[in-house]
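[1] Below are the sequence and a predicted model for it; my questions follow.
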Amino acid sequence: MKTKYIDMRDNINEKNIKEAAICINRGGLVLFPTETVYGIGANAFDDRAIEKIYKAKKRASDNPLILHISDIKMLNQIAENITELEKKLIDNFFPGPFTIILNKNKCVSYKVTAGLDSVAVRMPSNIIAHKLIEYSKVPIAAPSANISGRPSGTKISDIFAELNGKINYIIDSGDSDIGIESTVVRVINDTVKILRPGKITVEDILKVTTNVEIDKHVLNKVTKDEKVISPGIKYRHYAPKTKCILVYSNDNNKMCEKIKKMAILYNKALVVSVAENIEKYNDCNNIQTIEVGHKNNLEEISKNMFSVLRKVDDLSPDIVFIEGVEEKELGLAIMNRLIRTCEYNYIKV
Ligand code: TXA
Ligand code: MG
């Protein structure tokens, strides 16, 4: 398949968005920006198009997709029996980096929900995403733009090689603003359960309701045969080819010392480090560093993180150590992704 590349880094071209919307209506795949990460979109009501997404991404067929909408009318087309608390969350966090799992109605095919009776719904705030859905006049099913298991795409140059030829259109609008996927929640017994943390934090949701719970699988491994609410969390994710170890301490110096001590065993270690710590590794000849952002700027770290993880293998280290951050506010989302990157090799000192 020939992929058409559309450059909207400097300005938005309405005509091109309309052209991409026609492609969605004809059953094609469009790679488009959202405020979180890039998505691979298809008409949510077209089962054959949905199958194409799974194929292009090599995604497990039991992992459901998020449906992206541009207005509340579309929400009522796909979900039913929405409770007061769910409405309140929708009012507060739509449009934005927030996905809510609702009861699906019969218009939504089990292909999209991977056999579940629920449907994940998100209304992106990104203007191109919004217009693409609006012009398509259908909800757009879209997973993150990456081959399954790889870090999500936050800039086209990172994902072009793995997706070119598998999709009809690429809309490039530069680097993703947030860089980390949306917060996914489900209301269970009047409690908001965070299934995947993101830019909308626990602290943000607590301003809307007092009953908020972080699902235990956000920071813990799914044990064999354990039932999960969100199938995506079972899979290896965000991982470079090289083995990675996540290290964290409340005491910054202690964290760096621990990394240096463990790195001794390797000829060529790479540390994914905050700017402030880079020089702390200068005295170790076997350590190379790559900077992910500034220590107290979680927004910057989340924005750069996936792209940095994609660069790791290019440096061909024997081992990668990743500096952790405190598990609060946006830090919870960062750690949720990094724990998976490191396949649960997490050392807290
Ligand atoms: O920011 C985002 O959410 C991006 C952009 C493109 O919108 N999309 C994204 O999609 O991250 P994806 O497919 O990579 O992740 C969707 C997550 C998966 O973990 C999936 O298991 C979960 O949402 N999910 C989808 N439908 C669900 C459902 N009905 N019940 C529980 N979890 C669901
Ligand atoms: Mg994904």
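    Thanks, I have the structure now. Everything quoted here is computed from the prediction, not taken from an experiment. Residues are numbered from 1 along each chain as shown. Ligands and ions are numbered 1, 2, ... in the order given.
[2] When you work out contacts or count neighbours from here on, use the C-alpha atoms and nothing else.
    OK.
[3] And for stretch 124-138, what's in contact with it?
    Counting by Cα atoms under 8 Å, 6 or more residues apart in numbering, stretch 124-138 makes contact with 12, 17-18, 20-22, 24-25, 32-35, 43-45, 68-70, 74, 94-97, 123, 139-140, all of which sit outside it.
[4] ugh, wrong one, stretch 171-179
    Outside stretch 171-179, the residues that touch it by Cα under 8 Å, 6+ apart are 5-10, 30-38, 154-156, 199, 299, 302-306.
[5] Can you tell me which of the contacts of stretch 124-138 are buried?
    Among the contacts of stretch 124-138, those buried by neighbour count (16 or more other Cα atoms under 10 Å) are 17-18, 20-22, 24-25, 32-35, 43-45, 68-70, 74, 94-97, 123, 139-140.
[6] Counting only helices, which of the contacts of stretch 171-179 make the cut?
    Among the contacts of stretch 171-179, the residues falling in helices (DSSP state H) are I156, E299, S302, K303, N304, M305, F306.
[7] Burial check on the last one, number of neighbours?
    Right, F306. When neighbours are defined as other Cα atoms under 10 Å, F306 has 27 of them.
[8] What's the separation between it and T223?
    To T223, F306 is 26 Å away according to Cα to Cα, to the nearest Å.
[9] residues from the stretch 101-250 of the chain in reach of ligand 1?
    101, 113, 118-120, 142-144, 181-182, 229-233 (Cα under 6 Å from any ligand atom).
[10] What ranges does the stretch 1-150 of the chain have for its helices?
    For the stretch 1-150 of the chain, the helices defined by DSSP state H, counting those that start in this stretch occupy 14-25, 47-57, 72-78, 84-93, 110-113, 127-136.
[11] need those helices in CSV with distance to D283 and mean pLDDT, can you?
    Conversion of those to CSV gives the following (distance: least, Cα to Cα, whole Å; pLDDT from 0 to 100):
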stretch, distance to D283, mean pLDDT
helix 14-25, 52, 98
helix 47-57, 42, 98
helix 72-78, 56, 97
helix 84-93, 47, 98
helix 110-113, 52, 97
helix 127-136, 47, 98
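[12] The ones you listed into CSV, with extra columns for distance to L332?
    Output for the helices of the stretch 1-150 of the chain, formatted as CSV (distance: least, Cα to Cα, whole Å):
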stretch, distance to L332
helix 14-25, 35
helix 47-57, 26
helix 72-78, 28
helix 84-93, 18
helix 110-113, 26
helix 127-136, 26
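[13] Check for me that E291 belongs to a strand.
    Yes. Under DSSP: H, G, I helix; E, B strand; the rest coil, E291 falls within a strand.
[14] For beta bridges, what are the partners of it?
    Beta-bridge pairing of E291 under DSSP bridges involves S273.
[15] Surely it is in contact with V272?
    Yes. If you go by Cα atoms under 8 Å, E291 and V272 touch, sitting 6.0 Å apart.
[16] quick one, which of those two is more surrounded?
    Neighbours per residue, other Cα under 10 Å: of E291 and V272, the larger number sits with V272, 24 against 17.
[17] Now do the contacts for the more buried one.
    Neighbouring residues of V272 by Cα under 8 Å, 6+ apart: T289, I290, E291, V292, V320, F321, I322, E323.
[18] Please list all residues in contact with the residue positioned nearest the centre of the chain.
    Residue closest to the average C-alpha location in the chain (Cα atoms, centre = their mean): E181, at 2.7 Å. Shown in contact with E181 (Cα under 8 Å, 6+ apart): T36, V37, P97, S144, G198, K199.
[19] Pretty sure V247 sits in a strand.
    Yes. With three-state DSSP as the criterion, V247 is located in a strand.
[20] does the most far-flung residue of the chain relative to its centre belong to a helix or a strand, and which?
    In terms of distance from the mean C-alpha position of the chain, D283 ranks first, at 35.5 Å (Cα atoms, centre = their mean). Using DSSP states H and E, D283 sits in no helix or strand.
[21] Could you number the chain from 39 rather than 1 from now on?
    Happy to do that; since the first residue is 39 now, the last one works out to D321.
[22] mind listing what it touches?
    By Cα under 8 Å, 6+ apart, the contact set of D321 is empty.
[23] try K142
    K142 is in contact with I116, A117, E118, D155, S156, V157, counting by Cα under 8 Å, 6+ apart.
[24] if I look at the first one, how far off is K144?
    Just to be clear, that refers to I116. Separation of I116 from K144 (Cα to Cα) stands at 8 Å.
[25] Who has more neighbours out of these two?
    Counted by other Cα under 10 Å, I116 and K144 do not tie: I116 has more neighbours, with 24 against 12.
[26] Now that one: closest residue in space, sequence neighbours ignored.
    N143 (5.4 Å; Cα to Cα, 6 or more residues apart in numbering).
[27] contacting residues around the one you found?
    Q115, I116, A117, E118.
[28] how about a cut-off of 7 Å?
    I116, A117, E118 (Cα atoms under 7 Å, 6 or more residues apart in numbering).
[29] now do I316
    For I316, the contacting residues are T327, by Cα under 7 Å, 6+ apart.
[30] Next: V309.
    Contacts for V309 (Cα under 7 Å, 6+ apart) come out as I325, Q326, T327, I328, V358, F359, I360.
[31] Would you agree the fourth one is in contact with S311?
    So that's I328. Yes. I328 lies in contact with S311 (Cα atoms under 7 Å); the separation is 6.0 Å.
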